[in-house]
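Engineer: this is the structure alone, sequence omitted:
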């Protein structure tokens, strides 16, 4: 049974969300503030966190940063404000998804299942051929172990960053629109495309030599993005 930690200072929201997640088959822990959330996550590590942005004492952004220090952990951010700046801030600190209040509890359950399915926490995992290790240039990725490295050094990627890198490695040289990436990587038919933009920027910061002048993940103006694997070094040929 997957465990979800719900962090919200509104008892009504916590009660409704907990009820829906419980009926959907999840084990649920609840915290009403940032310090309690960090303590509960340390005592009983969850598979996913539903985290309100506005919390007393310690806001959701700081809670997300602290949780991320202990390793990758899927986070769905709740925000009472629809401002794009708030959404981008949540994505910048590593949230995998966000929902703006007021929201449908059923939609939240679907989002939770979607994120867990992408991480492999829910379901039986991917079949053998799809789980083969991938690599290009300095990058290597193991889908089964969900580990990626650059020049042999392990990368600390969020759930979506890992999925995005895996998609790029599976489709080298292909220009892909943000809409298609949202469908293929996030599993959404529609949504805020700035989510894709922010995650591509964060991924570039971790895999590029110079993120300001990317060579691996190129922007295709008017289309989207393309992963360009570096050419293999040519072998020297001895002369006569």
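Structural biologist: Done, it's in. Given the structure is predicted, the values throughout are model-derived calculations rather than measurements. Residues are numbered from 1 along each chain as shown.
Engineer: now do the strands in this structure.
Structural biologist: For the chain, strands defined by DSSP state E occupy the ranges 3-7, 27-31, 48-52, 75-79, 97-100, 134-136, 139-142, 147-150, 153-154, 175-177, 217-220, 224-227.
Engineer: save these as CSV, and put in mean neighbour count, distance to residue 60 and mean pLDDT too.
Structural biologist: For the C-beta atoms, the positions are set from N, CA and C on the backbone; glycine is no exception. Supplementary listing: those in CSV, determined by neighbours: other Cβ atoms under 10 Å; distance: least, Cβ to Cβ, whole Å; pLDDT from 0 to 100:
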stretch, mean neighbour count, distance to residue 60, mean pLDDT
strand 3-7, 24, 7, 94
strand 27-31, 18, 11, 94
strand 48-52, 26, 5, 93
strand 75-79, 24, 6, 86
strand 97-100, 20, 10, 80
strand 134-136, 16, 33, 91
strand 139-142, 18, 29, 94
strand 147-150, 17, 26, 93
strand 153-154, 8, 27, 93
strand 175-177, 16, 30, 94
strand 217-220, 14, 28, 95
strand 224-227, 20, 29, 96
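Engineer: can you give me the pLDDT of the closest residue in space to residue 2 that isn't next to it in sequence?
Structural biologist: Closest residue to residue 2 in three dimensions, ignoring its sequence neighbours and counting by Cβ to Cβ, 6 or more residues apart in numbering: residue 47, at 4.4 Å. Predicted confidence (pLDDT) for residue 47: 93.
Engineer: returning to that earlier point: now the strands of the chain as JSON lines including distance to residue 208?
Structural biologist: Supplementary listing: the strands of the chain in JSON lines, determined by distance: least, Cβ to Cβ, whole Å:
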{"stretch": "strand 3-7", "distance to residue 208": "33"}
{"stretch": "strand 27-31", "distance to residue 208": "37"}
{"stretch": "strand 48-52", "distance to residue 208": "29"}
{"stretch": "strand 75-79", "distance to residue 208": "24"}
{"stretch": "strand 97-100", "distance to residue 208": "25"}
{"stretch": "strand 134-136", "distance to residue 208": "13"}
{"stretch": "strand 139-142", "distance to residue 208": "10"}
{"stretch": "strand 147-150", "distance to residue 208": "9"}
{"stretch": "strand 153-154", "distance to residue 208": "14"}
{"stretch": "strand 175-177", "distance to residue 208": "18"}
{"stretch": "strand 217-220", "distance to residue 208": "7"}
{"stretch": "strand 224-227", "distance to residue 208": "11"}
